[in-house]
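> Attaching a predicted model along with its sequence, questions to come.
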Amino acid sequence: MKSLKTLVIAAALSLGAMGAGHAQAPAAAPAAAPAATTTATPAAADAAASTDAAAPAGDAAYTPLKPVAGVGQPIDAGIDFQPQVSPVGEQAYWFNHALLLPVITFISLLVLGLLLWVIFRYRAAANPVPSKTTHNTFIEVIWTAIPVLILAVIAVPSIRLLAQQYEPPSKDALTIKVTGYQWYWGYAYPDQGIGEYVSKMLNEEQAKAAGEPYLLAVDNRLVVPVGQQVKLIITGADVIHSFAVPALWTKMDAVPGRANETTFTVNKPGVYYGQCSELCGVDHAYMPIAVEAVPMEQWKAWVRSKGGNPDPEAAEPAAAAAVPAGPVPAVSTTAPAQTPATAPGATPAASPATTN
């Protein structure tokens, strides 16, 4: 009898446990919800399109260029300017070699010849009775008119070169902010969204390993595209520095509290070195400049590698198109009276549990 009671109680407990398990099963492990169907908004679609445009398939990759001996850097026993790779530099190089040097050489030889002739012709031994000539109108007109004509000829290309150096930058010029520090340089690309990064000199072992000239090689170069005008906004953070790159015919002081501006356009890919040209302290000789000019596609790849956008102008119209036309609807700041789960006619979040 006692065994029969025990069996009945055990059977009742088993049935109760099974019923409870059936009742709680839907809540503990609900059926999988149907896949949600989302509709992309215009802003999301434009953002995706701009992302695809920012990194097109098959885009050129950025590879740092290797310097070429004798290009963009000084050479042993050099007496000439470095080969110029900018329009202003090429014009200045022509002005110096085709006009300035020949004219100076001719005038110097002419004056030397006249001086030697006067010394020999009018020496005391050849003129026991000194001449009492006071002036010669013809000679005075000649030696006044000829120098004036020479200066007028030189002035035309000289003024043109000066105007070219200080011509305002074009609207599509690449803007780079350059800051001189004791004793390194900082570069920033505001339009591309690249914050300032610093450029410091490599030590002798690092420069040798990189195959670059010691005292000129840096860890982070100033990278610019070939063929596009570059506008530098130059300032100093502590004392006066000077940003100078001979191969680009570029030199501008970096003065604290002031923003100086200069422009250049690089015609050929390469690495072009410069140095601070204003005595700025104990490590003045150890703050070199390295400008790397690469083709446009490689420059865009470099910008993307820095987390920037190489085409900010293209992104602006896309962002403007994402904004709907017409007045912006007012946004209610008060909470709704009922949540969607409890609103009349709303579909319940989950089916109610059923018990067997």
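Structure received.
> Let's verify residue 251: helix, strand, or coil?
Look at residue 251: counting by DSSP: H, G, I helix; E, B strand; the rest coil, its state is strand.
> And the helices in the stretch 51-200 of the chain?
Under the criterion DSSP state H, counting those that start in this stretch, the stretch 51-200 of the chain contains helices at 87-94, 101-121, 137-165.
> Looking at the ones you listed, which one is packed in the most?
helix 87-94 (a mean of 17; mean count of other CB atoms under 10 Å). Every C-beta, even on glycine, is put in place using the N, C-alpha and C of the backbone.
> Mind giving me the packing neighbours of that one?
Contacts defined by 3 or more CB pairs under 8 Å, 6 or more residues apart in numbering; DSSP states H and E place helix 87-94 against helix 137-165.
> Compute the inter-axis angle for the helix it packs on and helix 87-94.
Using axes from the mean of the first three to the mean of the last three CA atoms, to 10 degrees, the inter-axis angle of helix 137-165 relative to helix 87-94 is 160 degrees.
> so where's this structure shaky on pLDDT?
Judged by pLDDT under 70, the chain has its weakly predicted residues at 1-59, 314-356.
> Contact partners for the residue nearest to residue 89 when sequence neighbours are not counted?
Using CB to CB, 6 or more residues apart in numbering and skipping the chain neighbours, the partner closest in space to residue 89 is residue 249 (3.4 Å). By CB atoms under 8 Å, 6 or more residues apart in numbering, residue 249 lies in contact with 84, 86, 88-89, 92, 165, 264.
> picking up where we left off before, among the helices of the stretch 51-200 of the chain, which is nearest residue 172?
Among those, helix 87-94 comes nearest to residue 172, with 16.0 Å by CB to CB.
> where exactly do the helices run in the stretch 201-350 of the chain?
So, for the stretch 201-350 of the chain - with DSSP H, counting those that start in this stretch - the helices run 204-210, 296-305, 312-322.
> buried sites along the first one?
This means helix 204-210. Buried residues in helix 204-210, defined by neighbour count with 16 or more other CB atoms under 10 Å: residue 207.
> Check which helices and strands that helix is in contact with.
Short answer (3+ CB pairs under 8 Å, 6+ apart): helix 204-210 packs on no helix or strand.
> Contacts for it next, please.
Under CB under 8 Å, 6+ apart, the answer for helix 204-210 is 202, 213-217, 219.
> Please convert the buried members of these into ChimeraX selection syntax.
For anyone working in ChimeraX, the buried entries among the contacts of helix 204-210, judged by 16+ other CB under 10 Å, can be selected with:
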select :202,213,216,217
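> For residue 69, state which of the contacts of helix 204-210 is nearest.
Nearest member of those to residue 69, counting by CB to CB, is residue 213, at 8.5 Å.
> Show the contacting residues for residue 197.
Here residue 197 is in contact with 186-188, 220, 306 (criterion: CB under 8 Å, 6+ apart).
> Quick check: beta-bridge partners of it?
Beta-bridge pairing for residue 197 (DSSP bridges): residue 187.
> ranges for the strands of the stretch 201-350 of the chain?
Assigned by DSSP state E, counting those that start in this stretch, the strands in the stretch 201-350 of the chain fall at 222-225, 230-236, 241-245, 250-254, 260-264, 270-276, 288-294.
> Select, out of the ones you listed, the one closest to residue 129.
Per CB to CB, nearest to residue 129 of the strands of the stretch 201-350 of the chain: strand 250-254, 58.2 Å.
> which other residues reach that closest one?
Contacts of strand 250-254 (CB under 8 Å, 6+ apart): 86, 178-180, 232, 234-236, 240-245, 260-262, 264, 274, 277-278.
> one more time with 10 Å, if that's ok
Contacts to strand 250-254, defined as CB atoms under 10 Å, 6 or more residues apart in numbering, come from residues 86, 88-89, 165, 178-181, 185, 230, 232-245, 260-264, 272, 274, 276-278, 280, 289, 291.
> Which residue ranges make up each domain of this protein?
87-128+137-166, 174-306 (the TED database).
> ChimeraX command to pick out the buried ones of the contacts of strand 250-254?
Only the buried members of these end up in this ChimeraX selection, burial being decided by 16+ other CB under 10 Å:
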select :86,88,89,165,178,179,180,181,185,230,232,233,234,235,236,239,241,242,243,244,245,260,262,263,264,272,274,276,277,278,280,289,291
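> Dump the strands of the stretch 201-350 of the chain into JSON lines; add distance to residue 206 as well.
Formatted as JSON lines, the strands of the stretch 201-350 of the chain follow (distance: least, CB to CB, whole Å):
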{"stretch": "strand 222-225", "distance to residue 206": "18"}
{"stretch": "strand 230-236", "distance to residue 206": "26"}
{"stretch": "strand 241-245", "distance to residue 206": "21"}
{"stretch": "strand 250-254", "distance to residue 206": "25"}
{"stretch": "strand 260-264", "distance to residue 206": "28"}
{"stretch": "strand 270-276", "distance to residue 206": "15"}
{"stretch": "strand 288-294", "distance to residue 206": "13"}
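> Which of the ones you listed sits closest to residue 146?
Of all the strands of the stretch 201-350 of the chain, strand 250-254 sits nearest to residue 146, with 33.7 Å by CB to CB.
> What is the burial count for residue 269?
15 (other CB atoms under 10 Å).
> Repeat that for residue 67.
Residue 67 has 20 nearby residues by other CB under 10 Å.
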